[in-house]
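Colleague: fold the following for me, if possible:
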Amino acid sequence: MPNVAARARARAQDLLAFIGASPTPHHAVKTATDVLMAAGYAALDEREAWLLQPGDRRYVIRGGTSIIAFEVGTRSPAFDGVRMIGAHTDSPNLKLKPKAAYTKHGYRQIGVEVYGGVLYSTWLDRDLSIAGRVVARSSSGPRSILVDLAAPILRIPNLAIHLNREVNTEGLKLNAQTHLPPIWGIDGTPEVELMKRLADKAGVAVGDIVEHDLSLYDLQPGTLSGVDEPFIHTARLDNLASCHASLGALIAASASGRASATRLVALFDHEEIGSMSAQGADGPFLKAVLERIVDGHSESTEQGFLRAMAGSFMISADMAHAVHPNHADKHEPHHQPMIGQGPVIKSNANQRYATDGESAARFSGYCKEAGFEPQHFVTRTDLGCGSTIGPITSASLGVRTVDVGNPMLSMHSCRELAGVRDVELMHGALYQHFVA
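Modeller: Predicted coordinates for the structure are as follows:
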């Protein structure tokens with residue numbers, strides 16, 4: 001048991017480092033790329049023809065915010081299929097508007113848009129910074145440069161209780177347009193100051209910045225917490241925790257030796273806003289990569305792609321709702337996952353999750369091979385159910401899919417909570433998917 005606890009703690013610390021290096025999807029893809037390259041994976045360009053051999057380890061990036069990595073199997077996917085895991089790089093946040101900086105009542109402020117299902121109140125009274133990418137002109141055309149201001153320059157201050165006496169009994173009501181813009185200075189020329197800071201970080205002249213894709217993030221680092229540290233507190237657990245687990249399982253499986261089936265991890269952007277984009281799960285990215293893997297395999301055969309999809313299996317890895325001790329009535333009474341008790345199989349009769357009996361049984365088998373029993377989650381029948389990339393990829397590819405995730409609290413908060421032990425258990429189950 002001490003060795004198991006030590007492994008869990010070490011993997012949780014690695015997760016915190018992964019998340020800390022990934023304040024935006026652009027940075028998450030860069031972090032993933034670094035991890036993959038260290039494990040012998042090489043980049044592919046979608047504009048070039050792919051020459052693939054069994055055992056090849058490759059990755060391809062689209063849009064700077066989505067990445068697919070794979071190891072080519074020794075057999076054609078037409079015969080042995082593709083073992084896939086899908087997750088997403090984006091998290092709910094506040095994104096800068098194109099013309100973001102302005103002055104109001106003597107304060108420098110930043111105009112923001114709400115991205116995804118943000119819990120507004122959790123962004124108040126925090127030390128915030130800005131990260132993402134700027135697009136700068138160069139002699140060879142526009143180029144994207146990652147930036148991270150990495151300083152507590154922004155804050156969205158709460159309204160004092162003296163001016164909102166009913167806040168604790170009536171609830172805090174926030175308007176996204178008028179109440180969420182942060183302050184970052186007094187007087188001055190805000191647009192010039194913002195562009196100067198970004199240019200300094202990017203290493204370019206202010207006048208060379210053409211556009212930007214930037215977001216706010218909380219500067220407080222992630223930590224292990226609680227008595228004996230069973231918990232993880234950090235931003236963006238939904239869903240960088242699943243990205244981290246997926247990549248770790250793929251790399252560990254690659255190190256264990258070649259497999260007859262192709263192994264693949266797809267990390268998509270834009271899940272939090274519906275996945276409908278060129279690099280989202282509802283776009284053509286995954287299908288295009290799979291077609292090229294099948295067509296490029298040395299053992300290619302007639303009707304290979306359709307045969308490959310019929311024999312493939314996808315794990316849609318997102319996070320799951322742990323039972324909340326202060327709001328247990330919001331949970332289905334007989335499906336209440338606990339933090340620290342392992343990954344959760346998520347089901348929904350209306351296919352908001354792609355799980356069915358066969359796919360659930362298959363994942364349960366992986367969990368048993370990893371030494372534990374999975375938990376189960378179903379939304380209360382009188383409440384609506386969220387969704388994932390699972391139904392999207394299952395419907396577009398015709399691939400058997402299971403939706404799973406580690407249990408957590410404070411989902412979509414600026415700072416979320418999950419379990420240390422679950423990080424190791426999810427890794428074990430996903431590893432079994434690749435080596436079984």
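
Colleague: pLDDT at the most far-flung residue of the chain relative to its centre, what is it?
Modeller: Relative to the C-alpha centroid of the chain, counting by C-alpha atoms, centre = their mean, H162 is the outermost residue, at 39.3 Å. Note on H162: pLDDT of 97.

Colleague: give me the three-state assignment for it.
Modeller: Following DSSP: H, G, I helix; E, B strand; the rest coil, we place H162 in the helix state.

Colleague: where does the residue lying closest to G203 once chain neighbours are set aside land in three-state SS?
Modeller: Leaving aside its sequence neighbours, G203 sits nearest to I145 (C-beta to C-beta, 6 or more residues apart in numbering; 7.4 Å). Every C-beta, even on glycine, is put in place using the N, C-alpha and C of the backbone. With three-state DSSP as the basis, I145 sits in strand.

Colleague: check contacts around I145.
Modeller: If a contact means C-beta atoms under 8 Å, 6 or more residues apart in numbering, then I145 has 133-136, 202-204 as its contacts.

Colleague: if we go to 7 Å?
Modeller: The contact partners of I145, taken as C-beta atoms under 7 Å, 6 or more residues apart in numbering, are 133-134, 136, 202, 204.

Colleague: would you mind measuring from the residue nearest to D14 when sequence neighbours are not counted to A21?
Modeller: Nearest residue to D14 in three dimensions, chain neighbours excluded: H244, at 7.4 Å (C-beta to C-beta, 6+ apart). According to C-beta to C-beta, to the nearest Å, H244 and A21 sit 11 Å apart.

Colleague: what about those two, which has more around it?
Modeller: H244 (29 against 16; other C-beta atoms under 10 Å).

Colleague: wait, the more buried one touches G20, no?
Modeller: No - with contact defined as C-beta atoms under 7 Å, H244 does not reach G20; the gap is 11.4 Å.

Colleague: what distance do you get for F285 to S316?
Modeller: Taking C-beta to C-beta, one finds F285 at 15 Å from S316.

Colleague: I'd like to know how many residues surround A436.
Modeller: By the criterion of other C-beta under 10 Å, A436 has 14 neighbours.

Colleague: next up, the contacts around it.
Modeller: Applying C-beta under 7 Å, 6+ apart, we find A436 in contact with 366, 369.

Colleague: low-confidence ranges, the stretch 301-436 of the chain, go.
Modeller: Within the stretch 301-436 of the chain, no range satisfies pLDDT under 70.

Colleague: check which helix or strand G111 maps to.
Modeller: Under the criterion of DSSP states H and E, G111 resides in strand 107-115.

Colleague: roughly how far out does that strand sit from the chain middle?
Modeller: Centre-to-centre, strand 107-115 and its host chain are 23 Å apart (C-alpha atoms, centre = their mean, to the nearest Å).

Colleague: many thanks, we can stop here.
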